[in-house]
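>>> Return atomic coordinates for the entry below.
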Amino acid sequence: MAVVSEIGAREPAAMGVRSAALWSMAGQYAAFAIQFGASVVISRFFLGPAEVGLFSIALAAALIVAILQDFGLSRYIAGLARLDGTEISRCSSVALLFSLVVAGLIAAAAWPLARLYALPSLLPLMLVIAASYLFLPLSVVPMALMARAMQFRGLFLVNVGSALTQALVAVGLAAAGNSSSALAWATLAAALARGATAQALRPSPPWPLRLDGVRQVVRFGGRSSALYLTGALGTRTPDLIVGKLLTLAAVGMYSRAVSLADQFRMLVSGAIGSVFYPAFARIRDRGEPLGPAYLRVCAGYSAVLWPGMAGLALAAEPIVHLLYGEAWAGVVPLLQRIALLELFVVTLPLHIDLPILVGRMNQLLLLNFVDTVLSIGLLAVGCLWGVEGAATSRLIYGALWIALYARFMHEVVGFEPRRLLGIYLRSGMATMAALAPLFLAYRYWLPADQIGLVPLALAAAAGVLAWLAMLAATRHPAFADLTGIAREALAPFARRRRMPLPG
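Have a look, this model is predicted:
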């Protein structure tokens, strides 16, 4: 949402950056609502922590390999100065070949993983998940082309359609008594729906194969995949580590806490991040400095995500009890710690995208390797103290993460540290203002273990008002962008009200 005003006014693309951000956020919010609602229904009525934990292990193992699926094509296509039909055919062919490789690797890993965990039921789950990756070549290139052209209405339809398909299949099969396999078959159905919708909106079939001149695509994809693979080891292995060192119920609890925190973060950073990569590519192509725009991105992320994640940590107990019931009470302390971790990792946004964009891939690979070693090592040590120790290790990792990337991002972007600290000071004040109503409600009205939906909603609404007031009072840079996006979102309704009646 930051940088939106700065770029949108002078960008004659199919869709301005601010409009693109609105469509991207709308798609992210709609998909989140659908997936979140399905997860609540499934967890509350059909599947327990151990069943969710079993699927989480299978999915985590698959996702480590599946990070190769995109092969860096989305960023490769978005970063090209010029793109023609021949290049699109090459990228589509590469996507098809690597999807076959990924599906084969996941299928091949199914039996050894089932033996490693002594869980025979992992085998069919992983085979179904492997099959889902056969359909992803249908969506990779079309979605990258739509993002490059700022056609986020199309991406909205793809993402929402996929999420709705996944939710309906998951809930339907879980209600029919299919246990963890319901989640696996829903993953397959979502991949098919995503590919079919993407091809309908932006046809780019991955056939016939075109492999001439793919060296540049493979070179970029190979380096990107190495980067994403090391990153995936850090982000995808926690479920595997917790599942191996602890219990299925523990990994189910841990996975649910991580999922809640990640889903909330992705509501903003996932949607906005997809808009910013092509937007920063255009700033780079114009030869303009990235620093001022990056400061506004940091302002937007910290202004929204800091109070959001801190609020999630503060409200963890009533949220878990209201959504999932007493069977999932163990998620509460885990969610509190993992939500606070997100405060660290959103402090330096776009830490992967911008180094790639400016050609600092080699240094990024090294830092990403150190990042992965820290994440896995700290988590394994934390498991010595149980699942809560595993979650606590994430806080230590978050602090080390900032120390690892802060200097590097300053070199890449060239922002002014003093201005960035000033932004973070104002974001911190806004965060405290947002938390104050709920904190006071716990102290003087109802404690966290007794507060219901209505008091929680009232405290949250008061927190939003206090947050907005503090943003305005401190003249936070994000306030103008937030009000600008609000005006853009409400503009169609305002125009409709001003339209004369027929006749």
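>>> ok, which stretches of the stretch 401-503 of the chain are helices?
Chain-ordered helices for the stretch 401-503 of the chain, with DSSP state H, counting those that start in this stretch as the definition, fall at 417-444, 453-473, 477-498.
>>> Tell me which of those helices sits nearest to residue 147.
Set against residue 147 and scored by Cβ to Cβ, the helices of the stretch 401-503 of the chain come closest in helix 477-498, at 18.9 Å. Quick note: C-beta positions are derived from backbone N, CA and C, even for glycine.
>>> ok, back up a step: got the helices of the stretch 401-503 of the chain as a markdown table, with mean neighbour count and mean pLDDT columns?
Output for the helices of the stretch 401-503 of the chain, formatted as a markdown table (neighbours: other Cβ atoms under 10 Å; pLDDT from 0 to 100):
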| stretch | mean neighbour count | mean pLDDT |
| --- | --- | --- |
| helix 417-444 | 17 | 95 |
| helix 453-473 | 16 | 94 |
| helix 477-498 | 14 | 69 |
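>>> I'd like those helices laid out as a markdown table, including distance to residue 309.
As requested, the helices of the stretch 401-503 of the chain are exported to a markdown table (distance: least, Cβ to Cβ, whole Å):
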| stretch | distance to residue 309 |
| --- | --- |
| helix 417-444 | 9 |
| helix 453-473 | 13 |
| helix 477-498 | 16 |
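>>> Minimum distance to residue 158: which of those has it?
Across these, the minimum distance to residue 158, taken as Cβ to Cβ, is reached by helix 477-498, at 20.9 Å.
>>> if we can go back for a sec, do you know which of the helices of the stretch 401-503 of the chain lies nearest residue 137?
helix 477-498 (34.0 Å).
>>> shouldn't residue 374 be in contact with residue 403?
No - assessed by Cβ atoms under 8 Å, residue 374 is found out of contact with residue 403, at 10.0 Å.
>>> Any idea which of the helices of the stretch 401-503 of the chain gets closest to residue 302?
By Cβ to Cβ (comparing all of the helices of the stretch 401-503 of the chain), the closest turns out to be helix 417-444, at 3.7 Å.
>>> In the protein, which residue is most central in space?
Among the residues of the chain, the smallest C-alpha distance to the mean C-alpha position (Cα atoms, centre = their mean) belongs to residue 266, namely 3.9 Å.
>>> so which helix or strand takes in the residue nearest to it when sequence neighbours are not counted?
Using Cβ to Cβ, 6 or more residues apart in numbering and skipping the chain neighbours, the partner closest in space to residue 266 is residue 28 (6.5 Å). Residue 28 belongs to helix 17-45 when elements are defined using DSSP states H and E.
>>> thinking again about what came up before, relative to residue 384, which of the helices of the stretch 401-503 of the chain is closest?
Closest of the helices of the stretch 401-503 of the chain to residue 384 is helix 417-444, at 32.1 Å (criterion: Cβ to Cβ).
>>> Mind giving me the packing neighbours of that closest one?
Using 3 or more Cβ pairs under 8 Å, 6 or more residues apart in numbering; DSSP states H and E as the contact test, the elements touching helix 417-444 are helix 291-314, helix 453-473.
>>> now those as a markdown table including distance to residue 168?
Formatted as a markdown table, the helices and strands packed on helix 417-444 follow (distance: least, Cβ to Cβ, whole Å):
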| stretch | distance to residue 168 |
| --- | --- |
| helix 291-314 | 27 |
| helix 453-473 | 26 |
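>>> Quick one: closest of the helices of the stretch 401-503 of the chain to residue 126.
Between residue 126 and the helices of the stretch 401-503 of the chain, the shortest gap by Cβ to Cβ is with helix 453-473, which sits at 38.4 Å.
>>> distance between that closest one and the chain's centre?
For helix 453-473, the distance between its averaged C-alpha position and the chain's averaged C-alpha position is 25 Å (Cα atoms, centre = their mean, to the nearest Å).
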